[in-house]
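1. would you be able to build a 3D model of this:
(one chain, ligands or ions: 2)
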Amino acid sequence: MTNVLEVSGLRKSYGKHEAVKGIDFAVAENEIFALIGPNGAGKTTTLRIVATILQPSGGSARLDGVDVASDPATVRERIAYLPEEAGAYKNMTGEDYLRFMARIYFGEKPRQDEALKIAREVCALRERLTDKLGTYSKGMTRKLLLARTIMTRPRLAILDEPTSGLDVLNALEVRATIKEFSRRGMSVLLSSHNMLEIEYLSDRVAIIHKGVIHEVGTPSALKQRYGAANLEEVFAQVAR
Ligand SMILES: Nc1ncnc2c1ncn2[C@@H]1O[C@H](COP(=O)(O)OP(=O)(O)OP(=O)(O)O)[C@@H](O)[C@H]1O
Ligand SMILES: [Mg+2]
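-> Residues are numbered from 1 along each chain as shown. Ligands and ions are numbered 1, 2, ... in the order given. Next up, the predicted model:
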């Protein structure tokens with residue numbers, strides 16, 4: 001199996017505080033890989049480094065062998081990033097926003113149209129797409145941003161808490177969409193502290209706590225290893 005992303009000995013300090021303390025993991029082609037852990041564990045920090053937004057303090061992250069820190073431009077062409085707390089332009093309509101983002105990403109009209117078509121399906125906002133973003137609920141905005149993130153069919157989608165703020169039905173829809181896209185050839189690195197949802201969504205998970213990865217494996221292997229009924233129970237044992 002080919003690895004799309006390889007993270008090795010990755011470290012990040014903010015001043016004296018070491019938020020990520022030398023972590024290793026890899027994401028394979030078509031794989032959905034989740035970083036799970038409590039608030040402050042280092043999930044967003046790791047995702048931001050892979051997304052070329054933050055410089056690591058040590059170690060490396062490579063996308064198809066390309067180092068994210070030394071060649072961010074090449075990496076950016078192959079990834080898409082959904083930040084944890086993302087806003088959008090309040091005065092644009094949903095449709096205008098998606099078109100604007102498609103134009104930034106693709107030069108040719110047919111590719112822009114293709115991306116727009118995908119985005120419309122993914123966000124499922126239908127007639128609300130003609131309304132301004134300022135009138136959207138939190139969940140509607142989240143779905144629009146997810147649509148914007150995966151409409152370019154990136155090699156790796158980096159999704160920080162993709163279902164945060166979504167109700168049960170919308171979260172189910174978003175999870176199904178992420179799964180479908182991964183089957184169609186997109187790898188996913190996501191974070192969540194909702195360990196139960198992650199069990200359903202992810203092929204493999206890494207349990208991160210205080211900047212250290214304690215376990216990596218499929219949800220079923222981890223549950224078996226700890227004799228646990230679910231990943232929350234696994235985490236409770238790991239975090240002790
Ligand atoms: N810009 C920053 N400056 C200083 N410290 C930071 C900064 N960003 C994050 N940290 C610290 O680094 C640690 C890891 O934060 P990070 O945001 O990566 O955690 P997280 O796992 O994403 O948490 P959450 O589940 O709350 O989103 C925390 O202790 C946090 O306070
Ligand atoms: Mg975070």
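2. need the three-state assignment for the residue nearest in space to the middle of the chain.
-> Central residue of the chain (C-alpha atoms, centre = their mean): Leu159, 1.5 Å from the mean position. With DSSP: H, G, I helix; E, B strand; the rest coil as the basis, the three-state label of Leu159 is strand.
3. what distance do you get for it to ligand 1?
-> From Leu159 across to ligand 1, the span is 13 Å (C-beta to the nearest ligand atom, to the nearest Å). All C-beta spots, glycine's among them, are computed from the backbone N, C-alpha and C.
4. ok, Leu172 next?
-> Distance, Leu172 to ligand 1, by C-beta to the nearest ligand atom: 22 Å.
5. which parts of the strand or helix carrying that residue are buried?
-> When secondary structure is defined by DSSP states H and E, Leu172 falls within helix 168-183. Neighbour counts using 16 or more other C-beta atoms under 10 Å place Asn170, Ala171, Glu173, Val174, Arg175, Thr177, Ile178, Lys179, Phe181, Ser182 of helix 168-183 among the buried residues.
6. of these, which is the nearest to ligand 1?
-> Distance to ligand 1 across the buried residues of helix 168-183 (C-beta to the nearest ligand atom) is lowest for Ala171, with 16.7 Å.
7. my read: Val27 touches Ser187, true?
-> Yes - under the criterion of C-beta atoms under 8 Å, Val27 makes contact with Ser187 at 5.3 Å.
8. shared neighbours, those two?
-> Val4, Leu5, Phe33, Leu156 (C-beta atoms under 8 Å, 6 or more residues apart in numbering).
9. count of residues packed around the first one?
-> A count of nearby residues for Val4, using other C-beta atoms under 10 Å, gives 24.
10. for it, list the residues it contacts.
-> Here Val4 is in contact with Val27, Ala28, Glu29, Glu31, Leu63, Asp64, Arg155, Leu156, Ser187 (criterion: C-beta under 8 Å, 6+ apart).
11. checking my notes, it in a strand, right?
-> Yes - Val4 sits within a strand when classified using three-state DSSP.
12. confidence score at it?
-> If you check Val4, the pLDDT there is 98.
13. what bridges to the closest residue to it other than its chain neighbours?
-> Nearest residue to Val4, sequence neighbours excluded (C-beta to C-beta, 6 or more residues apart in numbering): Ser187, at 4.4 Å. Beta-bridge pairing of Ser187 under DSSP bridges involves Leu156.
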